[in-house]
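Asks: only geometry, no sequence info:
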């Protein structure tokens, strides 16, 4: 296995009004920049229901949900530098969990599709994952994969990832009075496993500033729009494309569209299925 730290930061462009035009300070948390620094009344997420109809959620609503999740992560012992993995969860849940992990100072390990058992075991043990969130369907396989490690497997309660917030919304014991952890821009944010051309397993750690920079390059290369990754892409590319859509849009205060397990910035008629 090869391991590398992706810490390159492209020169800041003078004309491109993108995330990279902002000088990133040494103290920087991507989860805070994406949610706290936006107009809380602006639309952050449009969820398209499979059977028709859409629901819009504001940055304020998404942030409150992320903070409820972050408080839950802390209650389960997750702290700065710990790895939080998601295995084959819906796109909205994955986005919320990893935004919460970033706000805690943890490192996200998104696994978009259920891999073979031995591969899953390697990912979760090699990364020393502290907490693994997955569906009830996959929970037995995930539990078997982390047997003997310190990892805890959790099937998210649907109420925990309810974005809407009101008198009837669920709250954790600590409420939502959560204060994001102060992190460095060079702290690792996302951990991505994949394979190189020779078939060897690779792992790359992306820090907070690099995830932001990659989102800028992705938007520039696609003519200003972050395309939905085709299903044929390998896990590594799908994971980063997914995160780059979220980061690129939310950092600039723009909404994303989620439908049938995919996330896009395109209108419904233009989405790639």
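Replies: Good, I have the coordinates. Worth saying up front: this structure is predicted, and the values here are computed from it rather than measured.

Asks: Please report how far residue 32 lies from residue 122.
Replies: Here the criterion is CB to CB, to the nearest Å. By it, residue 32 lies 32 Å from residue 122. For every residue, glycine as well, the C-beta is placed using N, CA and C.

Asks: likewise residue 186?
Replies: Summarising the geometry, the distance separating residue 186 from residue 122, computed by CB to CB, is 27 Å.

Asks: Equivalent analysis for residue 257, please.
Replies: Using CB to CB, residue 257 is found at 34 Å from residue 122.

Asks: between these two, which one's more packed in?
Replies: Under the criterion of other CB atoms under 10 Å, the comparison of residue 257 against residue 122 puts residue 257 first, with 21 against 17.

Asks: And the strands in the stretch 1-150 of the chain?
Replies: Counting by DSSP state E, counting those that start in this stretch, the stretch 1-150 of the chain has these strands, from start to end: 2-6, 43-48, 54-58, 83-87, 107-111, 131-134.

Asks: so where's the chain shaky on pLDDT?
Replies: Confidence mapping of the chain against pLDDT under 70 gives the ranges 1-22, 158-177, 216-242, 259-273.

Asks: show me what contacts residue 44?
Replies: If a contact means CB atoms under 8 Å, 6 or more residues apart in numbering, then residue 44 has 35, 38, 57, 58, 59, 61, 62, 250, 255, 256 as its contacts.

Asks: cool, and residue 149?
Replies: With contact set as CB under 8 Å, 6+ apart, residue 149 has these partners: 124, 125, 128, 129.

Asks: Residue 250 and residue 35 touch, don't they?
Replies: Yes: with contacts defined as CB atoms under 8 Å, residue 250 counts as touching residue 35 at a distance of 6.8 Å.

Asks: and for these two, which residues touch both?
Replies: Contact criterion CB under 8 Å, 6+ apart; residues shared by residue 250 and residue 35: 44, 59.

Asks: Might one say that residue 255 is in contact with residue 39?
Replies: No: checked against CB under 8 Å, the pair residue 255 and residue 39 is beyond contact range at 11.5 Å.
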